[in-house]
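Asks: sequence unknown, structure follows:
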(Lines give C-alpha, C1' and ligand atoms only; values in the text may rest on other atoms or scores of the structure.)
Protein backbone atom coordinates (compact mmCIF):
# COMPACT_ATOMS: atom_id res chain seq x y z
CA UNK A 1 0.00 0.00 0.00
CA UNK A 2 3.06 2.22 -0.20
CA UNK A 3 3.41 4.91 -2.82
CA UNK A 4 2.67 8.57 -3.46
CA UNK A 5 -1.05 8.13 -2.74
CA UNK A 6 -0.62 5.81 0.22
CA UNK A 7 -2.54 8.04 2.66
CA UNK A 8 -5.57 7.92 0.33
CA UNK A 9 -5.24 4.14 0.07
CA UNK A 10 -4.93 3.73 3.85
CA UNK A 11 -8.00 5.92 4.34
CA UNK A 12 -9.94 3.86 1.76
CA UNK A 13 -8.86 0.53 3.30
CA UNK A 14 -9.87 1.71 6.76
CA UNK A 15 -13.21 3.09 5.57
CA UNK A 16 -14.25 0.14 3.39
CA UNK A 17 -12.83 -2.37 5.87
CA UNK A 18 -14.86 -0.75 8.63
CA UNK A 19 -18.01 -0.66 6.50
CA UNK A 20 -17.71 -4.34 5.60
CA UNK A 21 -16.98 -5.23 9.22
CA UNK A 22 -20.07 -3.28 10.32
CA UNK A 23 -22.06 -5.33 7.80
CA UNK A 24 -20.85 -8.56 9.43
CA UNK A 25 -17.65 -9.53 7.64
CA UNK A 26 -14.71 -10.11 9.98
CA UNK A 27 -12.38 -7.11 10.19
CA UNK A 28 -9.15 -8.56 8.78
CA UNK A 29 -10.78 -10.12 5.70
CA UNK A 30 -12.59 -6.80 5.19
CA UNK A 31 -9.33 -4.87 5.29
CA UNK A 32 -7.51 -7.40 3.08
CA UNK A 33 -10.29 -7.21 0.48
CA UNK A 34 -10.17 -3.41 0.54
CA UNK A 35 -6.36 -3.48 0.15
CA UNK A 36 -6.62 -5.78 -2.86
CA UNK A 37 -9.28 -3.56 -4.45
CA UNK A 38 -7.02 -0.53 -3.94
CA UNK A 39 -3.90 -2.23 -5.34
CA UNK A 40 -3.38 -0.97 -8.89
CA UNK A 41 -2.69 -4.49 -10.16
CA UNK A 42 -5.36 -6.09 -7.95
CA UNK A 43 -2.61 -8.48 -6.81
CA UNK A 44 -0.73 -8.66 -3.51
CA UNK A 45 1.42 -11.28 -1.82
CA UNK A 46 0.92 -12.38 1.77
CA UNK A 47 3.98 -10.36 2.77
CA UNK A 48 2.62 -7.24 1.06
CA UNK A 49 -0.74 -7.66 2.78
CA UNK A 50 0.90 -8.22 6.16
CA UNK A 51 3.13 -5.18 5.77
CA UNK A 52 0.48 -2.89 4.32
CA UNK A 53 -2.19 -3.83 6.85
CA UNK A 54 0.30 -4.12 9.72
CA UNK A 55 -0.98 -7.58 10.67
CA UNK A 56 0.66 -10.94 11.26
CA UNK A 57 1.17 -13.55 8.53
CA UNK A 58 -1.30 -15.81 10.33
CA UNK A 59 -3.92 -13.04 10.26
CA UNK A 60 -3.31 -12.67 6.51
CA UNK A 61 -3.67 -16.43 6.09
CA UNK A 62 -7.03 -16.43 7.85
CA UNK A 63 -8.21 -13.35 5.95
CA UNK A 64 -7.35 -14.65 2.49
CA UNK A 65 -8.80 -18.06 3.33
CA UNK A 66 -12.07 -16.43 4.28
CA UNK A 67 -12.13 -14.26 1.14
CA UNK A 68 -11.27 -17.22 -1.08
CA UNK A 69 -14.13 -19.22 0.42
CA UNK A 70 -16.54 -16.41 -0.44
CA UNK A 71 -15.19 -16.24 -3.98
CA UNK A 72 -14.05 -12.63 -3.60
CA UNK A 73 -10.40 -13.42 -4.35
CA UNK A 74 -8.33 -16.22 -5.82
CA UNK A 75 -4.83 -17.48 -5.10
CA UNK A 76 -2.15 -18.07 -7.69
CA UNK A 77 1.49 -19.02 -7.48
CA UNK A 78 3.79 -16.07 -8.27
CA UNK A 79 5.83 -16.95 -11.34
CA UNK A 80 9.34 -18.16 -10.63
CA UNK A 81 8.83 -18.26 -6.85
CA UNK A 82 7.19 -20.32 -4.17
CA UNK A 83 5.14 -17.32 -3.06
CA UNK A 84 1.41 -17.09 -3.40
CA UNK A 85 -0.21 -13.98 -4.77
CA UNK A 86 -3.81 -13.07 -4.01
CA UNK A 87 -5.89 -11.56 -6.78
CA UNK A 88 -9.15 -9.69 -6.72
CA UNK A 89 -11.14 -9.66 -9.95
CA UNK A 90 -12.16 -6.32 -11.37
CA UNK A 91 -15.77 -7.42 -10.82
CA UNK A 92 -15.31 -9.36 -7.58
CA UNK A 93 -18.86 -8.83 -6.32
CA UNK A 94 -20.25 -10.29 -9.54
CA UNK A 95 -17.98 -13.31 -9.22
CA UNK A 96 -19.11 -13.85 -5.63
CA UNK A 97 -22.77 -13.64 -6.64
CA UNK A 98 -22.18 -16.40 -9.18
CA UNK A 99 -21.09 -18.65 -6.29
CA UNK A 100 -24.28 -18.26 -4.22
CA UNK A 101 -25.45 -21.74 -5.18
CA UNK A 102 -22.31 -23.20 -3.59
CA UNK A 103 -22.73 -21.04 -0.50
CA UNK A 104 -26.47 -21.64 -0.09
CA UNK A 105 -26.62 -25.33 -1.10
CA UNK A 106 -25.66 -26.79 2.30
CA UNK A 107 -27.91 -24.30 4.10
CA UNK A 108 -30.85 -25.08 1.80
CA UNK A 109 -30.29 -28.82 2.27
CA UNK A 110 -30.25 -28.45 6.07
CA UNK A 111 -33.38 -26.30 6.02
CA UNK A 112 -35.19 -28.73 3.71
CA UNK A 113 -34.33 -31.60 6.04
CA UNK A 114 -35.52 -29.58 9.03
CA UNK A 115 -38.77 -28.59 7.32
CA UNK A 116 -39.50 -32.27 6.69
CA UNK A 117 -38.29 -33.74 9.97
CA UNK A 118 -39.42 -31.23 12.60
CA UNK A 119 -43.09 -32.15 12.56
CA UNK A 120 -43.87 -32.02 16.27
CA UNK A 121 -43.23 -28.27 16.47
CA UNK A 122 -45.50 -26.58 13.92
CA UNK A 123 -44.34 -22.99 14.55
CA UNK A 124 -40.68 -23.97 14.31
CA UNK A 125 -41.40 -26.01 11.20
CA UNK A 126 -43.15 -23.02 9.61
CA UNK A 127 -40.20 -20.72 10.40
CA UNK A 128 -37.77 -23.23 8.92
CA UNK A 129 -39.93 -23.68 5.81
CA UNK A 130 -40.18 -19.91 5.38
CA UNK A 131 -36.39 -19.61 5.65
CA UNK A 132 -36.04 -22.33 3.02
CA UNK A 133 -38.45 -20.60 0.66
CA UNK A 134 -36.68 -17.27 1.16
CA UNK A 135 -33.31 -18.75 0.15
CA UNK A 136 -34.88 -20.45 -2.85
CA UNK A 137 -36.46 -17.14 -3.83
CA UNK A 138 -33.17 -15.28 -3.38
CA UNK A 139 -31.33 -17.82 -5.53
CA UNK A 140 -33.75 -17.23 -8.41
CA UNK A 141 -33.60 -13.46 -7.98
CA UNK A 142 -29.80 -13.42 -7.86
CA UNK A 143 -29.70 -15.07 -11.27
CA UNK A 144 -31.82 -12.26 -12.68
CA UNK A 145 -29.72 -9.61 -10.95
CA UNK A 146 -26.53 -11.10 -12.40
CA UNK A 147 -28.01 -11.08 -15.90
CA UNK A 148 -29.15 -7.47 -15.56
CA UNK A 149 -25.76 -6.46 -14.15
CA UNK A 150 -23.92 -8.06 -17.08
CA UNK A 151 -26.08 -6.09 -19.52
CA UNK A 152 -25.56 -2.89 -17.53
CA UNK A 153 -21.80 -3.44 -17.32
CA UNK A 154 -21.63 -3.95 -21.08
CA UNK A 155 -23.52 -0.69 -21.56
CA UNK A 156 -21.05 1.05 -19.22
CA UNK A 157 -18.12 -0.34 -21.18
CA UNK A 158 -19.74 0.67 -24.48
CA UNK A 159 -20.39 4.17 -23.12
CA UNK A 160 -24.13 3.89 -23.55
CA UNK A 161 -25.00 3.98 -19.85
CA UNK A 162 -23.97 6.08 -16.90
CA UNK A 163 -22.80 4.61 -13.62
CA UNK A 164 -25.36 5.13 -10.87
CA UNK A 165 -24.11 6.83 -7.72
CA UNK A 166 -25.65 6.52 -4.33
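Replies: Cool, got the structure. Fair warning: this is a prediction, and the values are worked out from it, not measured in the lab. Numbering: from 1, shown residues only.
Asks: pLDDT on stretch 28-35, on average?
Replies: Taken as a whole, stretch 28-35 carries a mean pLDDT of 96.
Asks: Buried ones in it, by neighbour count?
Replies: Neighbour-count burial for stretch 28-35 flags 28, 29, 30, 31, 32, 33, 34, 35 (criterion: 16 or more other Cβ atoms under 10 Å). No exception for glycine: its C-beta is placed from N, CA and C like everyone else's.
Asks: Ok, stretch 16-29 next?
Replies: 16, 17, 20, 25, 28, 29.
Asks: Filter these down to the ones in helices?
Replies: Within those, residues falling in helices by DSSP state H are 16, 17, 20, 28, 29.
Asks: Name the nearest residue to the first one, sequence neighbours excluded.
Replies: So that's residue 16. Spatial nearest neighbour of residue 16, excluding adjacent residues (Cβ to Cβ, 6 or more residues apart in numbering): residue 34 at 4.0 Å.
Asks: following the strand or helix carrying the one you found, which helix or strand comes up?
Replies: Residue 34 is part of helix 27-38 when elements are defined by DSSP states H and E. Using DSSP H and E, the helix or strand that follows helix 27-38 in sequence is strand 43-45.
Asks: residue nearest the centroid of the protein?
Replies: residue 72 (3.9 Å; Cα atoms, centre = their mean).
Asks: can you name the two of the buried residues of stretch 16-29 that are farthest apart?
Replies: 16 and 28 (13.1 Å; Cβ to Cβ).
Asks: From residue 130, how far off is residue 137?
Replies: Applying Cβ to Cβ, to the nearest Å, the value for residue 137 to residue 130 is 10 Å.
Asks: thinking again about what came up before, what's the closest of the buried residues of stretch 28-35 to residue 106?
Replies: residue 29 (20.1 Å).
Asks: contacting residues for the closest one?
Replies: 20, 62, 63, 64, 66, 67 (Cβ atoms under 8 Å, 6 or more residues apart in numbering).
Asks: tell me which element the last one falls in.
Replies: Secondary structure assigned from DSSP H and E places residue 67 in helix 57-70.
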